[in-house]
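3D model of this:
(2 chains)
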Amino acid sequence: MKTEEMVLDGNALGGMMLELFGREMTMVVSTCRSCGTTGPLASVDVYMKAPGVVVRCRTCQSVLMKIVRSSERVWLDVDGMRMMEMEL
Amino acid sequence: MAGAAVLGRLTWQVAQVAEARQETPRVRTIALEPADWPGHRAGQHVDVRLTAEDGYQAQRSYSIASAPGHGLELTVELLDDGEVSPYLVEELRPGDGLELRGPIGGYFVWEADDPHPVFLIGGGSGVVPLMAMIRHRIATGSTTPMRLLYSSRTIEDVIYRTELDEVEAASNGIEIVHTLTRVQPDGWTGYARRIDPDLLREVAWPAGERPAIYVCGATLFVQAVTEGLVGLGYDPLTVRTERYGGIGG
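As a prediction, this is how the structure comes out:
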């Protein structure tokens, strides 16, 4: 299967983010550090079939976030995001 | 872990299978009875996890088909190269346990008090979360106009066919529009091609009426439909999408 057929969206992050943060996170509005696009996490591109999870901006394809987990710990690299905004 | 429960974090639980019924030759609906279920919203999903005897785990997300307040039912399509769906569609029996967590998601969700007309567009098993929205509208007595455009390969692949026929026949403000992309039965009068901009223009409400739009299906289906809608002038912010990829579920 081609890569463009395998890309998911941020809805697929919902379970893991809920597990990590204890709240619904797919409505969090993120800002891409590279191009400035803002939108809910639900609408970013997500690649699950990698050694970790890779999250990319749908507009410019820059990497927003990388998530790697072992059985004991998880690492979140959010270097590609400038901002996350959420309702209290 | 006690701390996890205090934080309200998402935890796995084993739900018992109450019933399993075949929808099409490749699709099955599974009714589950989780011990701890907070209730769900129309459009949400759960994560399902299978563990092999050697400890290997495979996890997938499946949309909830049932309306909020009407139990927990998942509808699952068999994918030939899948790690999880063959077990769910061909092996799982009533009385078995299934490990899951949820409900999950806050974006691809429809609330019955949303005043906008609702345009649902589904490809294949992408109809499942849309069906939860249709059932929710009926269960709540909402009068919001709703329209489903549903793309299937053949008439035999149409999930919830009988129920959708009944919804359409009830003339209760929910319209069902089918397109069959591969094979059409004799005398078929519906659409017989993939969803394209012309088809969208014929079926959708005008962009000026600001319908709430939900698109669910394989990644390339969702991309094509979304581009078609934006080309017709719909505000991308009113188009909510969910892609199930094509990864072996």
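
Let me know the secondary structure of the closest residue to chain A within chain B.
With CB to the nearest CB, the shortest gap between chain B and chain A falls at residue B:107, namely 3.4 Å. All C-beta atoms are positioned from the backbone trio N, CA, C, and that covers glycine. Following DSSP: H, G, I helix; E, B strand; the rest coil, residue B:107 is assigned to coil.

right, and it touches residue A:25 too?
No. In this structure, residue B:107 is not within contact of residue A:25 by CB atoms under 8 Å, at 10.0 Å.

Can you pull the residues that touch both of these two?
Residues touching both residue B:107 and residue A:25 (CB atoms under 8 Å, 6 or more residues apart in numbering or on different chains): residue A:41.

show me the contacts for the residue positioned nearest the centre of chain A.
Centroid-nearest residue in chain A, with CA atoms, centre = their mean: residue A:55, separated by 4.1 Å. With contacts defined as CB under 8 Å, 6+ apart, residue A:55 is in contact with A:10, A:13, A:44, A:45, A:46, A:47, A:63, A:64, A:65, A:66, A:67, A:80.

still on that earlier bit, and the nearest residue in space to the residue of chain B closest to chain A that is not next to it in sequence, how many residues sit next to it?
Using CB to CB, 6 or more residues apart in numbering or on different chains and skipping the chain neighbours, the partner closest in space to residue B:107 is residue A:42 (3.4 Å). By other CB atoms under 10 Å in any protein chain shown, 24 other residues sit near residue A:42.

Surely residue A:42 is within a helix?
Yes. Using three-state DSSP, the assignment for residue A:42 is a helix.

Tell me where chain A has strands.
Counting by DSSP state E, one finds strands in chain A at the ranges A:8-9, A:29-32, A:38-40, A:45-47, A:53-56, A:63-69, A:74-77, A:81-85.

The fourth one near chain B anywhere?
No. Looking at strand A:45-47 against chain B by CB under 8 Å from any CB of the partner chain, there are no contacts, and the closest approach is 9.0 Å.

try the shortest one
Yes. Interface with chain B: strand A:8-9 contributes A:8, A:9 (CB under 8 Å from any CB).

Who are the packing partners of that strand?
strand A:45-47, strand B:239-243 (3 or more CB pairs under 8 Å, 6 or more residues apart in numbering or on different chains; DSSP states H and E).

mean confidence for the first one?
Yep, that's strand A:45-47 we're talking about. For strand A:45-47, mean pLDDT is 95.

Could you do stretch B:225-240 as well?
93.

and that stretch, how far apart are its ends?
11 Å (CA to CA, to the nearest Å).

next one: stretch B:54-68
Termini of stretch B:54-68 sit 37 Å apart (CA to CA).

quick one: buried residues of that stretch?
B:59, B:60, B:61, B:62, B:63, B:64, B:65, B:66, B:67, B:68 (16 or more other CB atoms under 10 Å in any protein chain shown).

show me what contacts the residue of chain A found nearest chain B?
With CB to the nearest CB as the measure, residue A:42 is the residue of chain A nearest to chain B, at 3.4 Å. With contacts defined as CB under 8 Å, 6+ apart, residue A:42 is in contact with A:9, A:10, A:11, A:14, A:26, A:27, B:105, B:106, B:107, B:108, B:240.
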